[in-house]
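J.: Got a predicted structure here, sequence first:
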Amino acid sequence: MAAEDILGYQVVNVSKEDCIEAVADWMEKAEQKKYFLCLNPHSYEVAQKDPLFHKAILNADLVVPDGVGIVWASKILGGSITERVTGSDIFEGFTSVMNARKDLSCFFLGSTEQNLSIIKEKMAVEFPHVRIAGCYSPPFKKEFDDEDNRQMLRVINKEKPDVLWVGMTAPKQEKWIYRNKEQLENVKFIGAIGAVFDFYAGTVKRSHPFFQKYGLEWLPRFMRQPVKLWRRNCISSPLFLLRVLKEKNKYQAS
């Protein structure tokens with residue numbers, strides 16, 4: 001897929017439909033495990049101080065422009081990314097593909113037992129031909145120890161899903177995937193989709209489509225959870241913009 005360099009990371013500049021088609025093609029070929037993740041200004045800034053997260057982004061098979069800041073960065077740097085592609089887009093789009101195929105299974109890793117129970121019930125109604133191989137809510141801690149990892153791998157490998165959806169928030173989920181993907185025995189595709197678990201379960205509401213359309217999805221969420229999101233919006237986003245402007249000036253000066 002076509003991609004462009006956004007401050008060192010290869011971010012796709014294709015539509016969400018093209019991304020979903022690519023994932024479907026990977027599943028058909030099943031040559032090796034693939035994983036995708038979302039990039040936004042906050043995750044970019046976190047990765048600059050977290051070497052493992054940085055490697056996880058560099059090695060991802062699909063990096064989508066999840067934040068409007070990435071779209072703006074592309075425009076400022078003369079790129080061609082015109083729209084966001086979110087974790088929800090990939091999850092819902094590819095789950096529809098799985099439902100049409102009727103022969104694929106998925107596993108949900110992350111979130112709470114309550115959310116996972118809601119997700120299973122909702123999937124059974126909306127995507128009845130997708131087999132839910134299993135769900136697992138890992139311990140809520142900053143870093144997993146070796147036994148935590150072994151347990152997660154045990155329960156996933158026992159159920160042999162085709163697709164693994166991981167919802168642990170960034171950068172924990174991306175680093176877990178990068179560290180453990182080769183030990184997943186049957187999984188062909190892994191998606192780091194974070195808050196999508198909450199969105200799909202309905203325990204956290206996405207912003208109104210109006211805000212999504214105009215790149216302001218972050219605003220209602222920030223107003224609802226200012227303490228949780230202040231660093232993301234008040235520190236990471238301005239820092240990222242400064243990096244973009246510096247990069248633009250570097251091009252103009254050369």
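T.: Received the coordinates, thanks. Keep in mind that this is a model prediction, so the values were computed, not measured.
J.: residue ranges of the strands in this structure, please?
T.: Using DSSP state E, the strands of the chain run over residues 3-6, 9-12, 34-39, 62-65, 105-110, 131-136, 163-167, 189-192.
J.: And these: which comes nearest residue 18?
T.: strand 9-12 (7.8 Å; C-beta to C-beta). All C-beta atoms are positioned from the backbone trio N, CA, C, and that covers glycine.
J.: Give me the mean pLDDT for that closest one.
T.: Across strand 9-12, the average pLDDT comes to 98.
J.: Quick check: end-to-end length of stretch 159-176?
T.: For stretch 159-176, the first-to-last residue distance is 19 Å (C-alpha to C-alpha, to the nearest Å).
J.: got the strands of the chain as TSV, with mean neighbour count and distance to residue 121 columns?
T.: Shown next, in TSV, are the strands of the chain (neighbours: other C-beta atoms under 10 Å; distance: least, C-beta to C-beta, whole Å):
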stretch	mean neighbour count	distance to residue 121
strand 3-6	17	37
strand 9-12	20	33
strand 34-39	25	26
strand 62-65	24	28
strand 105-110	24	12
strand 131-136	19	10
strand 163-167	25	16
strand 189-192	27	21
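J.: Of all those strands, which one comes closest to residue 178?
T.: strand 34-39 (8.0 Å).
J.: How far does that closest one sit from its chain's centre?
T.: In terms of C-alpha atoms, centre = their mean, to the nearest Å, the centre of strand 34-39 is found 5 Å from the chain centre.
J.: Equivalent analysis for stretch 22-39, please.
T.: 13 Å.
J.: Pull up the distance across that stretch, start to finish.
T.: The straight-line separation of the ends of stretch 22-39 (C-alpha to C-alpha) is 18 Å.
J.: what does it contact?
T.: Defining contact as C-beta atoms under 8 Å, 6 or more residues apart in numbering, one finds that stretch 22-39 is touched by 1, 6, 9, 11, 19, 56-57, 60-67, 70, 86-87, 90, 94, 97, 104, 162-163, 170, 173-174, 177, 181-182, 184, 187-194.
J.: hang on, the earlier thing: in TSV, list the strands of the chain along with distance to residue 240.
T.: Listed next are the strands of the chain as TSV, based on distance: least, C-beta to C-beta, whole Å:
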stretch	distance to residue 240
strand 3-6	10
strand 9-12	12
strand 34-39	10
strand 62-65	13
strand 105-110	26
strand 131-136	33
strand 163-167	24
strand 189-192	19
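J.: and of those strands, who's closest to residue 120?
T.: Proximity to residue 120 (C-beta to C-beta) singles out strand 131-136 among the strands of the chain, at 5.5 Å.
J.: so what secondary structure elements neighbour that closest one?
T.: Judged by 3 or more C-beta pairs under 8 Å, 6 or more residues apart in numbering; DSSP states H and E, the packing partners of strand 131-136 are strand 105-110, helix 113-126, helix 146-159.
J.: show me where pLDDT drops low in this protein?
T.: Across the chain, the ranges flagged by pLDDT under 70 are 205-234, 253-254.
J.: Run through the helices of it in chain order.
T.: Taking DSSP state H as the test, the helices found in the chain are 16-29, 41-47, 51-59, 68-76, 87-101, 113-126, 146-159, 172-180, 196-201, 209-213, 218-224, 226-231, 237-253.
J.: and the third one, what other elements does it pack with?
T.: Packed against helix 51-59 by the contact rule (3+ C-beta pairs under 8 Å, 6+ apart) you find strand 34-39, helix 41-47, helix 172-180.
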